[in-house]
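Enquirer: my questions are about this predicted structure, shown below with the sequence.
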Amino acid sequence: MTSRDISMKTITLDVRSPQDAMAEALAAAKAGKAQKSARISFATPELLWRVLTAKRWELLKALCGAGPVSIREAARRVGRDVKAVHADVTALLLAGVLDRTDSGQIEFPYEALKVEFVLQATTHSSLKHLLLADEARAELGPPSRGKARMRTPAFP
């Protein structure tokens, strides 16, 4: 048995500021209401995707509904090397997505995983601010080491 409440059937991974996540938890605690589902929040989509890689998603699918299993069994289910699966399990344990049982096995103690985040268009004023910052950097010239910097766009 894990430390999580068995009535929590779904875990939600979302993207929001730590302040927003803490404010919601405090509001629920003050109101005396238990959270309806488990929730893990990430400050940025990049942090979420750093934890929830394609291989780790595949691992979670294999563990969903499986009950406690050894890391070796988890690796067998996904057809991967035990060492690589161990690294992924460690990351998921640290993030709070997986649990370790008293017997040392790993468990995904939920029936479902939901991922929530919103991609929004940049507002006109924010875009103008970014363009002005780029112009200011261009006026400063290359870095002092003499190497040219290349700016990589956020999206291809």
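Expert: Alright, I've got the coordinates. Numbering: from 1, shown residues only.
Enquirer: list the residues that contact residue 112.
Expert: 9-11, 64 (CB atoms under 8 Å, 6 or more residues apart in numbering). C-beta: built from backbone N, CA, C; applies to glycine.
Enquirer: which among the residues you listed gets closest to residue 92?
Expert: Proximity to residue 92 was ranked across those by CB to CB; first place goes to residue 11, at 11.2 Å.
Enquirer: I'd guessed the closest one sits against residue 60; true?
Expert: No. The pair residue 11 / residue 60 is not scored as a contact, 9.7 Å apart, by CB atoms under 8 Å.
Enquirer: who touches both of these two?
Expert: With CB under 8 Å, 6+ apart as the test, residue 11 and residue 60 both reach 97, 113.
Enquirer: re the thing from before, CSV for the contacts of residue 112, including secondary structure?
Expert: As requested, those are arranged in CSV below (DSSP: H, G, I helix; E, B strand; the rest coil):
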residue, secondary structure
9, coil
10, strand
11, strand
64, coil
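Enquirer: can I have the buried ones of the residues you listed as a PyMOL selection?
Expert: The PyMOL selection below is limited to those of the contacts of residue 112 classed as buried (16 or more other CB atoms under 10 Å):
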select buried, resi 11
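Enquirer: of the contacts of residue 112, closest to residue 43?
Expert: residue 11 (17.9 Å).
Enquirer: enumerate every residue touching the closest one.
Expert: Here residue 11 is in contact with 37-40, 97, 110, 112-114 (criterion: CB under 8 Å, 6+ apart).
Enquirer: among those residues, which ones are buried?
Expert: 38-40, 97, 110, 113.
Enquirer: one step back: got the contacts of residue 11 as JSON lines, with pLDDT, distance to residue 120 and secondary structure columns?
Expert: Below are the contacts of residue 11 laid out as JSON lines (pLDDT from 0 to 100; distance: CB to CB, whole Å; DSSP: H, G, I helix; E, B strand; the rest coil):
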{"residue": "37", "pLDDT": "69", "distance to residue 120": "24", "secondary structure": "coil"}
{"residue": "38", "pLDDT": "83", "distance to residue 120": "26", "secondary structure": "strand"}
{"residue": "39", "pLDDT": "85", "distance to residue 120": "21", "secondary structure": "strand"}
{"residue": "40", "pLDDT": "87", "distance to residue 120": "22", "secondary structure": "strand"}
{"residue": "97", "pLDDT": "92", "distance to residue 120": "26", "secondary structure": "coil"}
{"residue": "110", "pLDDT": "90", "distance to residue 120": "28", "secondary structure": "coil"}
{"residue": "112", "pLDDT": "90", "distance to residue 120": "26", "secondary structure": "strand"}
{"residue": "113", "pLDDT": "89", "distance to residue 120": "23", "secondary structure": "strand"}
{"residue": "114", "pLDDT": "89", "distance to residue 120": "20", "secondary structure": "strand"}
